[in-house]
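>>> Pasting a predicted model and its sequence here:
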Amino acid sequence: MGSEGPKAVTIHVTGFKKFQGVSENPTESIVNNLKDYVERGGLPIGVTLGSCTVLETAGIGALPVLYKVIESGISGTDSADLEQVVWLHLGVNSGALKFAIERQAINEATFRCPDQLGWQPQQVPIISEDGGTSQIRKTTCSVEAILKILKKKGYDVTISDDAGRFVCNYVYYQSLRFAKQKGHKCLFVHVPLFSRIDEDTQMQFVTSLLEAIASTC
């Protein structure tokens, strides 16, 4: 017992394109540049950066793309005995001053403005089979341990229990459901605008986040 050693960890990352009120989404830049950034600095042994995908900032209309991205990211790596697969979703909170690790998503879509495909639901369950809009799905990632690691490295980061009711929460809820079905893990982290925390610091943060997630799986 205990001789197997830690599992290899593959982390797939998504960000979002622009949306109403945010003409330049920092997560689009982060995700587009992450592979090159990580290659220069490296990741710990056993940790692999998988796919890096920028999603349309949309709910139900973008679901086929979201599912295709998730399915393609895990094809051929579905052995839970050998590898832990984690989906890390990054979104922007334009009013935030710090990073926020989202502990949960709620089964409610109430969009304050139309998404990029024109959909604007109000108090609609994201997954009707889950029940009403008060249902919650929580990440199985060790958010407290991740927070401790990141704070020790000097990042201004907190834990949040409210991912909003817009596209970020919508995608998180869908992904948490998918992850549970597949035996994977899923985490959503909100970042500020680059005008609040500069791009290089955010790139460093996301790299540290990858390491923290992998070390706590």
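Looks like it came in fine.

>>> tell me the contacts of N93?
Neighbour list for N93: 100, 164, 190-192 [criterion: CB atoms under 8 Å, 6 or more residues apart in numbering]. Every C-beta, even on glycine, is put in place using the N, C-alpha and C of the backbone.

>>> Please name the nearest non-neighbouring residue to V167.
Spatial nearest neighbour of V167, chain neighbours left out: T57 (5.2 Å); criterion: CB to CB, 6 or more residues apart in numbering.

>>> ditto for M203
Y37 is the one closest to M203 (CB to CB, 6+ apart), at 5.2 Å.

>>> Counting neighbours, what do you get for E56?
By other CB atoms under 10 Å, 17 other residues sit near E56.

>>> before we move on, the earlier item: in this model T207 seems to touch the residue nearest to M203, though I could be wrong.
Yes: here Y37 reaches T207: they are 6.7 Å apart, a contact under CB atoms under 8 Å.

>>> So for those two, which sits in the more crowded spot?
T207 (18 against 15).

>>> For E28, see how far away that one is.
Separation of T207 from E28 (CB to CB, to the nearest Å) stands at 17 Å.

>>> Scan the contacts of N93 and report the most crowded one.
Ranked by neighbours (other CB under 10 Å), the contacts of N93 are led by V191, which has 25 neighbours.

>>> bridging residues for it?
Going by DSSP bridges, V191 is paired in beta bridges with V92.

>>> any idea how far it lies from W87?
Distance of V191 to W87, given as CB to CB: 16 Å.

>>> which residues sit against stretch 111-123?
So stretch 111-123 is contacted by 17-21, 56-62, 108-110, 133, 165-167 (CB under 8 Å, 6+ apart).

>>> can we see that at 10 Å?
Applying CB atoms under 10 Å, 6 or more residues apart in numbering, the contact partners of stretch 111-123 are 16-21, 55-62, 108-110, 124, 132-133, 164-167, 169-170.

>>> centre of the chain versus the lengthiest helix in the chain, how much separation?
What stands out as the longest helix in the chain, according to DSSP state H, is helix 199-216. Helix 199-216 sits 12 Å away from the centroid of its parent chain (CA atoms, centre = their mean, to the nearest Å).

>>> by contact count, what packs against it?
The contact analysis (3 or more CB pairs under 10 Å, 6 or more residues apart in numbering; DSSP states H and E) places helix 199-216 against strand 8-16, helix 26-41, strand 47-55, strand 83-92, strand 99-102, helix 143-152, strand 157-160, strand 185-191.

>>> Mean pLDDT for these - can I get that in CSV?
Output for those, formatted as CSV (pLDDT from 0 to 100):
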stretch, mean pLDDT
strand 8-16, 95
helix 26-41, 96
strand 47-55, 94
strand 83-92, 94
strand 99-102, 98
helix 143-152, 98
strand 157-160, 98
strand 185-191, 97
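
>>> Right, I'll leave it there.
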